[in-house]
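>>> 3D model of this:
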Amino acid sequence: METATHPPAAPAAAQAGAAAQAAADTSGLDREVLLAGLEMMVRIRSFEDRVQREFARGEMPGFVHTYHGAEAVAAGVCAHLSEDDLITSTHRGHGHCIAKGCDLEAMVAELYGRETGLCAGRGGSMHIADFSRGMLGANAIVGGGIALATGAALAADTLGDGRVAVAFFGDGAANQGVLHESLNLAAIWRLPVVYVCENNGWAESTPAGYATSVVDVSSRAVAYGIVGVTVAGDDFEAVYTAACDAVYRARAGEGPTLLEAKVARIRGHYIGDPQQYRPRAERQEARRRDPVARLVEQLGTEAAPGRDAVASEIDAAFERGPRGAWPDPGTVERDVYAPAASQRAPVAAPPADREITFLEAVHEALRAAMAANDSVVVLGEDISGGGGLGGPHEGAMGGTFGATRGLLEAFGPQRVRDTPISEAGFVGAATGAALAGLRPVVDLMWASFAPLCFDQIFNQAAKMRYMFGGQTAVPLVLRMAVGAGLRAAGQHSDTLYTAFAGMPGLKVVAPSTPADAKGLLLRAIADDNPVVFLEHMGLYRTTGPVAAAPYEVALGAAACVRPGDDVSLVAVGECTLRALDAAEQLAGEGVSAEVIDVRSIAPLDAETICASVARTGRAVVVEESPRRCGLAAEIAAVISENTFAALSHPVARVTAANSPVP
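Residues are numbered from 1 along each chain as shown. Next up is the predicted model:
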């Protein structure tokens with residue numbers, strides 16, 4: 001198969017051409033390079049052969065998808081990467097792990113679910129990772145690693161550290177929208193990233209010819225003004241050469257490449273796949289396109305280097321790896337959250353010296369965090385406005401409500417980035433950037449837009465620390481406006497409290513005062529976990545006393561904002577103001593109501609809430625989610641479980657109706 005190149009549109013074509021001309025000529029590779037490539041390919045093949053045999057014994061848990069047939073791709077691409085460079089992988093990720101230098105024994109231990117595994121037995125085959133080697137994780141979500149690698153490249157570009165990111169994915173993922181969002185982001189920001197499509201012709205049981213109308217996935221690069229190249233994935237020399245150009249181009253600051261390697265799927269989609277959907281002739285042809293056999297034949301059968309050493313290495317890994325201890329069930333909740341922020345006391349607030357609005361408090365927190373830490377970046381739709389126009393137009397928007405106005409001028413376009421309308425792409429990129437050294441703050445506009453990127457929030461950001469055995473932190477803040485009251489109707493008025501709070505790994509806060517908005521946001525940015533920061537639109541113009549100096553309010557701490565003796569009003573967000581109004585009215589009727597501002601939805605401060613209810617004997621939970629399965633129901637359950645004996649009446653709930661907001 002000849003290499004097919006799809007050049008980008010000008011002016012990117014000229015830039016890419018300059019990089020390609022400057023790159024080292026790799027045609028007719030040195031024999032030592034080929035031998036090294038073959039050794040890596042043999043290591044991968046031998047490992048996967050052994051996995052296939054051991055899995056059949058029934059002692060390896062989970063699902064396993066082997067890398068047979070694509071060995072030349074992992075070996076050819078990773079040969080150009082340093083230990084500091086970053087990759088993301090797929091559910092078929094063993095080959096990428098090995099080519100990036102991961103320890104085989106720890107890999108085997110992970111496949112067997114042992115505590116001594118790379119991910120402490122929490123990830124298994126489909127979620128294997130080694131951050132010490134720049135391997136940011138296999139991903140069981142098809143296309144799940146693409147935006148993460150884009151974000152890793154964003155971090156490298158922002159920090160200027162010379163790293164390159166590579167996203168490996170299959171032809172099935174090429175039809176995921178997040179790929180196209182990511183290609184566009186990488187193109188407009190000229191990020192140092194290589195997208196490697198391992199096209200084996202099958203998306204599980206669906207042939208590529210049915211799933212897409214184009215012959216070459218790489219031809220899609222033209223639409224984004226980047227270089228697209230297709231090579232024979234069973235030809236190590238072709239992959240190595242194309243990868244050399246792509247990595248050089250990325251490292252030279254000349255943007256991304258979409259590199260497609262057409263490989264043969266020698267085995268089934270998973271171990272044990274009967275493959276009844278594949279014609280026999282096609283399966284036989286796939287076996288004839290064996291990349292290991294091809295390179296052995298090219299070099300001579302006696303040339304396969306280190307076979308005995310590789311065999312011994314793999315035997316030792318499979319001998320020792322499964323002997324590791326099983327994880328202690330008592331540690332099942334370990335590594336759901338990074339502990340660092342909770343171990344450091346918040347910066348106490350000095351006396352408030354003026355009154356400002358809630359919106360101004362949010363702005364002050366963003367500005368203070370960015371001034372204190374160069375790794376804090378802000379990105380999202382319209383956070384500046386007038387992108388690239390310069391003059392008075394660029395930066396004039398400053399976010400839908402103006403919270404980010406002035407940040408572009410203060411901190412520059414590397415740290416304040418307007419994004420296209422690509423929620424999955426830029427939230428995924430922010431997550432990847434958090435894995436690679438930045439502390440992104442994302443403006444998602446409205447919570448109603450968050451479902452567009454639920455995969456990035458729920459399957460990626462929330463789970464990564466846990467799935468990867470605590471290897472990484474995910475310091476990410478997702479700001480979004482919530483709530484009804486502006487007559488914006490159903491698609492601009494959601495709260496989504498329970499959606500976020502029910503996901504282990506996320507922290508969720510909802511301030512009700514300007515002082516808390518500033519302190520909680522500064523604490524959220526300092527936290528090493530993904531924090532969903534919910535700003536009620538009805539609060540933006542409210543005012544209150546706020547200290548000018550930076551300070552923090554602890555996450556996970558409710559506040560008693562009005563003491564009382566007869567009933568506890570437990571309120572969330574803007575409903576705290578309504579609860580205070582109700583308490584004032586009740587006081588006129590001789591009822592002393594205590595008001596608890598929840599502030600932190602996850603983690604929930606059950607201690608403060610229950611202590612109040614235990615004293616008053618009555619509880620009313622006030623929040624504006626729909627009643628069914630809402631946050632109020634969870635808080636009511638917590639109160640009932642912990643203070644049942646003290647309750648004189650059942651816990652009452654005041655919520656929105658079970659309908660979208662009209």
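>>> quickly list the domain ranges of the protein.
4-323, 340-546, 559-656 (automatic domain parsing).
>>> make a markdown table from the ones you listed and add mean pLDDT, mean neighbour count and distance to residue 553 to it.
C-beta here means a position set from N, CA and C on the backbone, and glycine is covered the same way. Formatted as a markdown table, those follow (pLDDT from 0 to 100; neighbours: other Cβ atoms under 10 Å; distance: least, Cβ to Cβ, whole Å):
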| stretch | mean pLDDT | mean neighbour count | distance to residue 553 |
| --- | --- | --- | --- |
| domain 4-323 | 90 | 21 | 28 |
| domain 340-546 | 92 | 21 | 3 |
| domain 559-656 | 97 | 19 | 8 |
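>>> please enumerate the helices of the stretch 451-600 of the chain.
All helices of the stretch 451-600 of the chain, identified by DSSP state H, counting those that start in this stretch, fall at 454, 464-467, 497-501, 514-526, 575-588.
>>> now for the third one, which elements pack on it?
Same thing as helix 497-501. strand 507-509, strand 531-536, strand 600-602, strand 619-626, helix 631-643 (3 or more Cβ pairs under 8 Å, 6 or more residues apart in numbering; DSSP states H and E).
>>> chain center to the following helix or strand past the last one, what's the gap?
Of the helices and strands lying after helix 631-643 in sequence (DSSP states H and E), the nearest is strand 652-656. A distance of 34 Å separates the C-alpha centroid of strand 652-656 from that of its chain, computed with Cα atoms, centre = their mean, to the nearest Å.
>>> could you pick out the longest helix of the protein?
What stands out as the longest helix in the chain, according to DSSP state H, is helix 31-55.
>>> now the element after it, going C-ward?
helix 71-78.
>>> and the angle from that next one to helix 31-55?
If you take axes from the mean of the first three to the mean of the last three Cα atoms, to 10 degrees, helix 71-78 sits at 130 degrees to helix 31-55.
>>> residue 102 against residue 136, yeah?
No - at 11.8 Å, residue 102 does not count as touching residue 136 under the criterion of Cβ atoms under 8 Å.
>>> ok, residue 571 - contacts?
Residue 571 sits next to 512, 578-579, 595-598, 621-623 when contact means Cβ atoms under 8 Å, 6 or more residues apart in numbering.
>>> show me which pair in the residues you listed is furthest apart.
Pairwise distances across these (Cβ to Cβ) peak at 14.8 Å, for the pair 512 and 621.
>>> from residue 598, how far off is residue 516?
Residue 516 sits at a distance of 11 Å from residue 598 (criterion: Cβ to Cβ, to the nearest Å).
>>> what does residue 182 give?
Relative to residue 598, and taking Cβ to Cβ, residue 182 is found at 36 Å.
>>> try residue 535
Distance from residue 535 to residue 598, by Cβ to Cβ: 15 Å.
>>> repeat that for residue 273.
49 Å.
>>> what does residue 226 give?
From residue 226 over to residue 598 (counting by Cβ to Cβ), the distance is 47 Å.
>>> check residue 633 too.
14 Å.
>>> and residue 351, what does it touch?
Here residue 351 is in contact with residue 547 (Cβ under 8 Å, 6+ apart).
>>> part of a helix, is it?
No - assessed with DSSP: H, G, I helix; E, B strand; the rest coil, residue 351 is coil; it does not lie in a helix.
>>> am I right that residue 441 is in a strand?
Yes - Residue 441 forms part of a strand when assessed by three-state DSSP.
>>> I figured it was touching residue 367, is that so?
No - if you go by Cβ under 8 Å, residue 441 and residue 367 don't touch, sitting 11.3 Å apart.
>>> ok, so what distance separates the residue nearest to residue 583 when sequence neighbours are not counted from residue 633?
Spatial nearest neighbour of residue 583, excluding adjacent residues (Cβ to Cβ, 6 or more residues apart in numbering): residue 593 at 3.9 Å. The spacing between residue 593 and residue 633, counted by Cβ to Cβ, is 21 Å.
>>> then residue 30?
Taken as Cβ to Cβ, the span from residue 30 to residue 633 is 67 Å.
>>> okay, and residue 84 sits in which element?
Assigned by DSSP H and E, residue 84 belongs to no helix or strand.
>>> right, I mislabeled it, should have said residue 156
helix 146-159.
>>> paired strands for the very next helix or strand once past that helix, with orientation please.
Counting by DSSP H and E, the next helix or strand C-terminal to helix 146-159 is strand 165-170. The pairing partners recorded for strand 165-170 under DSSP bridges are strand 86-88 (parallel), strand 193-199 (parallel).
>>> from the middle of its chain, how far away would strand 165-170 be?
Chain-centre distance of strand 165-170: 14 Å, with Cα atoms, centre = their mean.
>>> ditto for stretch 501-509
Distance of stretch 501-509 from the chain centroid (Cα atoms, centre = their mean) equals 15 Å.
>>> same question for stretch 648-661.
When C-alpha coordinates are averaged (Cα atoms, centre = their mean), stretch 648-661 and its chain have centres 34 Å apart.
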